[in-house]
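Peer 1: Build the 3D model from these lines:
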Amino acid sequence: GSVTSIALTGTAHAGRVGNVSVLQQLSSLRSLNLSVTSAFGDFGSLSNLHLEHLALQHSRVHGELASLENLTGLQTLALADNLERTIAGDLKALSKLVSLRELTLQCSRITGRLASLANLTKLSLLVLNGTATSGSVAPLSNLTWLQQLDLRYTSAFFHLHDLQSFTRLAYLRLSHSSAFGELSAVSNLSQLRKLDIDGLQVSGHLSTLEHLTTISDAKLSNTQVAGNLKSLERLVDLKKFSMSSTEVQGDVASLASLSKLRSVDLRNTVVTGNIRDLARSTILETVNLGNTPVNGDISSLSSLTKLKHLSLSQTYVTGDVNAFARLTRLITLDVSQTVVVGQLVFVRRLENLEELDIHGAKLYGPLPQELDRLSELKLLLLSNNQLSGTVPSHLPVNLRTLDL
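Peer 2: Numbers count the residues shown, from 1 in each chain. Model prediction:
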């Protein structure tokens with residue numbers, strides 16, 4: 001009974017863990033982490049212990065939240081659904097766990113109103129992603145230590161103004177919830193590093209972010225936020241930016257000064273400019289400018305050797321597709337419905353390709369007989385070109401979609 005800590009996640013023993021009920025005799029146990037293991041059983045059998053840390057994510061353990069209400073010494077709790085048995089209950093079962101500092105619940109059968117957590121004033125992390133929880137964050141205004149809040153895929157319904165007391169927030173993820181309001185409501189969250197409001201009924205101006213100089217990841221796609229890309233020039237720590245299907249405008253040259261930028265998604269917008277202005281951003285891994293008026297020669301991107309995902313579909317780009325031969329890390333490539341030209345010789349070098357879409361372009365020449373070398377290729381769309389020759393006798397083993 002002198003064992004105080006057990007952590008088997010990611011170890012060689014992870015696949016040989018049995019029923020958690022055998023642990024109820026370990027009266028000195030304070031920390032238990034069986035996430036991503038084969039552990040099974042009802043976590044209610046642990047209710048007699050004096051646990052301070054409990055993590056059972058992606059195991060086979062199940063149970064009701066009510067069985068945890070006596071674990072008043074818990075400081076961290078992390079639970080997630082598994083494929084066999086689920087975790088269920090109402091948030092109010094946790095209302096007495098006032099020592100909690102980190103709470104992660106990713107369980108679809110967990111219900112209740114956010115107000116049930118109002119007494120947990122020590123919380124610095126609250127993740128309820130994918131739960132059936134509802135209500136407003138307004139009753140949680142005294143959770144002033146909160147640094148991470150994740151309410152994605154919940155029924156949380158509140159105005160962004162209700163977040164203003166959380167001045168320590170560094171991570172705010174609200175996509176696929178029912179939050180709404182003006183982007184300016186988060187302008188006082190000066191420590192914000194990650195913001196995800198994809199798909200929310202949020203309006204306002206992109207210039208709001210100018211004051212959030214620590215932000216590194218901003219997801220604003222499918223919102224009513226508008227503005228000019230020039231508003232991003234002061235965000236020197238920005239690594240990921242998405243604002244697709246919005247009213248954003250401006251020249252992609254405004255992104256050139258963002259030396260840490262790795263991912264940009266501006267598809268289905270009216271942003272303009274020449275793609276050569278992205279060539280300075282040599283650490284870019286994802287570029288999606290599909291269905292925008294951008295132009296330029298695709299050869300100007302040949303220096304972006306870290307690119308994994310590139311989409312320039314339905315743009316005004318030109319040039320020879322063999323400029324992509326140097327981009328050997330590409331996983332997805334889409335330059336469909338453009339006037340790019342050339343033969344498909346370059347694909348022989350792109351061994352990591354999973355999706356290739358160049359339909360409706362100006363390709364010519366034979367199909368490479370070595371397509372089967374692209375063992376990861378799942379989608380190949382080359383229709384409406386001037387290709388010739390026969391379909392290769394051997395196609396990639398993982399190919400699921402083919403249109404020639």
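Peer 1: what are the ranges of the strands in the stretch 51-200 of the chain?
Peer 2: Per DSSP state E, counting those that start in this stretch, the stretch 51-200 of the chain carries strands over the ranges 53-55, 60-64, 76-80, 87-90, 102-106, 109-111, 125-127, 134-135, 148-150, 155-156, 171-173, 180-182, 194-196.
Peer 1: which stretch in the ones you listed is the model least sure about?
Peer 2: Lowest mean pLDDT within those: strand 60-64, a mean of 90.
Peer 1: what residues does that one touch?
Peer 2: With C-beta atoms under 8 Å, 6 or more residues apart in numbering as the test, strand 60-64 has contacts from 20, 34, 38-44, 82, 84-89, 93. C-beta coordinates here come from the backbone N, C-alpha and C atoms, glycine included.
Peer 1: Okay, now the sheet partners of it, with direction.
Peer 2: Strand 60-64 sits in its sheet next to strand 40-42 (parallel), strand 87-90 (parallel), going by DSSP bridges.
Peer 1: Return the set of buried residues in it.
Peer 2: For strand 60-64, burial by neighbour count (16 or more other C-beta atoms under 10 Å) applies to 60-64.
Peer 1: Distance from the chain centre to it, please.
Peer 2: Its chain's C-alpha centre and that of strand 60-64 lie 26 Å apart, by C-alpha atoms, centre = their mean, to the nearest Å.
Peer 1: The stretch 251-400 of the chain: strands as residue ranges?
Peer 2: With DSSP E, counting those that start in this stretch as the criterion, the stretch 251-400 of the chain has strands at 263-265, 286-288, 295-297, 309-311, 316-318, 332-334, 341-342, 355-357, 362-366, 379-381, 386-388.
Peer 1: next SSE after the last one?
Peer 2: In this case it means strand 386-388. Once strand 386-388 ends, the next helix or strand along the chain (criterion: DSSP states H and E) is strand 401-403.
Peer 1: Just checking: what are the partner strands of that next one?
Peer 2: Here, using DSSP bridges, strand 401-403 pairs with strand 379-381 (parallel).
Peer 1: Give me the mean pLDDT for the strand it pairs with.
Peer 2: 96.
Peer 1: where does the protein have low pLDDT?
Peer 2: Low-confidence segments of the chain, defined by pLDDT under 70: 1, 11-17, 83-85.
Peer 1: distance between stretch 2-10 and the chain's centre?
Peer 2: The answer for stretch 2-10 is 30 Å, by C-alpha atoms, centre = their mean.
Peer 1: That should have said stretch 316-334, apologies.
Peer 2: Mean-position distance between stretch 316-334 and its chain equals 25 Å (C-alpha atoms, centre = their mean).
Peer 1: Over to it now: how far is its first residue from its last?
Peer 2: By C-alpha to C-alpha, to the nearest Å, the extent of stretch 316-334 from end to end equals 13 Å.
Peer 1: again with stretch 77-93
Peer 2: Start and end residues of stretch 77-93 are separated by 13 Å (C-alpha to C-alpha).
Peer 1: Only the buried residues of that stretch, if you could.
Peer 2: The neighbour-count check on stretch 77-93 (16+ other C-beta under 10 Å) flags 77-82, 87-93 as buried.
Peer 1: same check, this time on stretch 310-326
Peer 2: Buried, per 16+ other C-beta under 10 Å, within stretch 310-326: 310-315, 317, 319-324, 326.
Peer 1: got the domain boundaries for this protein?
Peer 2: Using the TED database, the domain parsing of the chain gives 1-87, 112-199.
Peer 1: Tell me the buried residues in stretch 327-337?
Peer 2: Using 16+ other C-beta under 10 Å as the test for burial, stretch 327-337 gives 327, 329-337.
Peer 1: re earlier: could the buried residues of stretch 77-93 go into TSV alongside distance to Leu26?
Peer 2: Shown next, in TSV, are these (distance: C-beta to C-beta, whole Å):
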residue	distance to Leu26
Leu77	18
Ala78	19
Leu79	20
Ala80	23
Asp81	26
Asn82	23
Ile87	22
Ala88	26
Gly89	24
Asp90	29
Leu91	28
Lys92	29
Ala93	24
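Peer 1: For those, work out which two are farthest apart.
Peer 2: Within the buried residues of stretch 77-93, two members stand farthest from each other by C-beta to C-beta: Asn82 and Lys92, at 23.7 Å.
Peer 1: Export the strands of the stretch 251-400 of the chain as JSON lines, with columns for distance to Ile110.
Peer 2: Shown next, in JSON lines, are these (distance: least, C-beta to C-beta, whole Å):
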{"stretch": "strand 263-265", "distance to Ile110": "31"}
{"stretch": "strand 286-288", "distance to Ile110": "33"}
{"stretch": "strand 295-297", "distance to Ile110": "49"}
{"stretch": "strand 309-311", "distance to Ile110": "34"}
{"stretch": "strand 316-318", "distance to Ile110": "47"}
{"stretch": "strand 332-334", "distance to Ile110": "35"}
{"stretch": "strand 341-342", "distance to Ile110": "54"}
{"stretch": "strand 355-357", "distance to Ile110": "36"}
{"stretch": "strand 362-366", "distance to Ile110": "51"}
{"stretch": "strand 379-381", "distance to Ile110": "37"}
{"stretch": "strand 386-388", "distance to Ile110": "53"}
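Peer 1: List the contacts of Asn188.
Peer 2: Contacts of Asn188 (C-beta under 8 Å, 6+ apart): 164, 167.
Peer 1: measure it to Asp90 for me?
Peer 2: Distance check for Asn188 against Asp90: by C-beta to C-beta, to the nearest Å, it reads 32 Å.
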